[in-house]
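In: generate a structure from the sequence data that follows.
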Amino acid sequence: QVQLVESGGELVQTGGSLRLSCTASGENMFDHYLGWFRQAPGKEREFVATISWSGTRIDYVGSVKGRFTISRDNAKNTVYLQMNSLKPEDTAVYYCTASKFYSPLATLIGYWGQGTQVTVSS
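Out: Next comes the predicted model:
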């Protein structure tokens, strides 16, 4: 059983930066996509970013392109999300994900973390 533990969420001002981290345990993440989704109050869970094992395939939702950067350290079974130029609309609970297949759809994700709150004040 895979466990994903996120950290790094906090309150930040508009224009600020945060780096989220997520470490996987219980199973080697070889050949798994790691990624991030988010869910704002009253909204559906939304795909944010994903990265393949080799790092050769990376994808972002349009609203974060140019501001967020996803990366991973396979030796540490850890994925990161560097978030710059944060906006109030980035406020959400951010969930780490792991999946054998590429998928921007929440219904096809195999494993979820418990979430970490990111709040961007205006």
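In: report the central residue of the chain.
Out: Centroid-nearest residue in the chain: Trp36, 2.2 Å away (criterion: C-alpha atoms, centre = their mean).
In: what's in contact with the helix or strand harbouring that residue?
Out: For Trp36, the host element (DSSP states H and E) is strand 33-39. For strand 33-39, the surrounding residues in contact (C-beta atoms under 8 Å, 6 or more residues apart in numbering) are 20, 22, 24, 45-53, 57, 70, 72, 79, 81, 90, 92-103, 106, 109, 115, 118. Quick note: C-beta positions are derived from backbone N, CA and C, even for glycine.
In: narrow those residues to those that are buried.
Out: 20, 22, 24, 45-52, 70, 72, 79, 81, 90, 92-99, 103, 109, 115, 118 (16 or more other C-beta atoms under 10 Å).
In: can you flag which of the residues you listed belong to strands?
Out: Of the buried ones among the contacts of strand 33-39, the ones assigned to strands by DSSP state E are 20, 22, 24, 46-51, 70, 72, 79, 81, 92-99, 118.
In: if we can go back for a sec, angle of the strand holding Trp36 against strand 46-51?
Out: 160 degrees (axes from the mean of the first three to the mean of the last three C-alpha atoms, to 10 degrees).
In: what lines up beside strand 33-39 in the sheet?
Out: Paired neighbours of strand 33-39 in the sheet (DSSP bridges): strand 46-51 (antiparallel), strand 92-99 (antiparallel).
In: how near is Glu27 to Gln1?
Out: For Glu27, the distance to Gln1 equals 7 Å [C-beta to C-beta, to the nearest Å].
In: who's more crowded, those two?
Out: Glu27 (13 against 6; other C-beta atoms under 10 Å).
In: next, the more buried one: phi, psi?
Out: For Glu27, the backbone dihedrals are phi -160, psi 140 (criterion: degrees, to the nearest 10).
In: return the residues in contact with it.
Out: 1-2.
In: start at 21 instead
Out: Renumbered: residue one is now 21, and that last one reads Glu47.
In: next one: it, what pLDDT does it get?
Out: Model confidence at Glu47, given as pLDDT, is 80.
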